[in-house]
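Novice: Build me a model:
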Amino acid sequence: MSSTIISITSRRDHAWARQAACAGSQQPDRFYPSPDETAKNQAAKALCASCPVSDECLTEALETNDRYGIRAGLDERERLVLHELNTNGRWEEERVVAALNGRPVHLSRHERNSVSVVAAILGLDPRIWAPVLGIGRTRALTRLREARAQLERQPFLLRREQRIASEFNPDLAAVAA
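Specialist: This next block holds a predicted model:
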C-alpha cells in the first residue's frame, strides 16, 4: 500500500468515463485544438454538450487542475476561471490526505494550511508534503513553525486536522518515506 494516511471517504470512482460521449473516440486530437482552430473547438464543445456525464468530467478536470484541451465543453481558459472560483473556500479531507501522501493535488488556501497543520502534529518529513505545496525545505520549516504556533493558540479550531492526524499509521509512513 503506497498511502500513509487512509481517508474516511472512498477514492473517486471513474466508471462514469465509460459513458462519456468521447469514450473510445477515434479522433482524440479533436479535444486538443489550437486556439486558431475555431471549427475544431466548436465541434469538440458540441460533442460535450450532448454528453450524459459532462458534470463528472468537469468535476474531474477541476479537481485534477487539468489545463489542457476541451473538458465538459470548456476550454482551458474557461476552466481556469471556474477553478479559481471553486477553490477559494473549499476544504475537502480527501484532498488534504492526498497531499500528505505526496500526491499532486491543487489545493485551496484552507487545504494548504491543513496540510501544514497535520504535518506539524505528526512531525511528517517535509520532503513528502512540501513538493505538493510547491515550496522548498526552508518555507516548509517556516510553515511547520507557524502551524505549531497556531495549534498552541487555537487548538479548538483545528479539530478536523487533529482527526486526520489521529488516523495516521506511523508504520506505513516509514515505508513511504
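
Novice: which element follows the host helix or strand of Ala43 toward the C-terminus?
Specialist: Using DSSP states H and E, Ala43 maps to helix 38-49. Next helix or strand after helix 38-49 toward the C-terminus (DSSP H and E): helix 54-63.

Novice: List of residues touching that following helix?
Specialist: The contact list for helix 54-63, computed with C-beta atoms under 8 Å, 6 or more residues apart in numbering, reads 12, 14, 16-17, 20, 48, 51, 66, 71-74, 79, 82-83, 86, 95, 105-106. Backbone N, C-alpha and C define where each C-beta goes, glycine included.

Novice: distance between it and the chain's centre?
Specialist: 12 Å (C-alpha atoms, centre = their mean, to the nearest Å).

Novice: what's the angle from that helix to helix 38-49?
Specialist: 120 degrees (axes from the mean of the first three to the mean of the last three C-alpha atoms, to 10 degrees).

Novice: as a whole number, average confidence for helix 54-63?
Specialist: In this model, helix 54-63 has an average pLDDT of 80.

Novice: how about that helix: buried residues?
Specialist: 54, 56-63 (16 or more other C-beta atoms under 10 Å).

Novice: quick one: contacts for the one residue sitting closest to the centre of the chain?
Specialist: Nearest residue to the geometric centre of the chain (C-alpha atoms, centre = their mean): Val105, 3.1 Å. Counting by C-beta under 8 Å, 6+ apart, Val105 makes contact with 63, 95, 98-99, 111, 132.

Novice: Need the pLDDT of the residue sitting furthest away from the middle of the chain.
Specialist: In the chain, the residue that sits farthest from the middle, by C-alpha atoms, centre = their mean, is Ala39; the gap is 32.0 Å. Note for Ala39: predicted pLDDT of 90.

Novice: Could you list the single helix or strand in this structure with the lowest mean pLDDT?
Specialist: Least confident helix or strand, the chain: helix 170-176 with a mean of 46, by mean pLDDT, DSSP states H and E.

Novice: For this structure, give me the ranges with low pLDDT.
Specialist: Per-residue confidence for the chain (pLDDT under 70) gives these ranges: 1-13, 84-89, 169-177.

Novice: longest single helix anywhere in it?
Specialist: Across the chain, the longest stretch assigned as helix under DSSP state H is helix 137-153.

Novice: Only the buried residues of that one, if you could.
Specialist: So, applying 16+ other C-beta under 10 Å, buried residues of helix 137-153: 140, 143-144, 147, 150-151.

Novice: Need the phi and psi values for Arg71.
Specialist: phi -130, psi 130 (degrees, to the nearest 10).

Novice: Report whether the expected contact of it with Arg79 is present.
Specialist: Yes - with contacts counted by C-beta atoms under 8 Å, Arg71 reaches Arg79, the gap being 6.5 Å.

Novice: No further questions, thank you.
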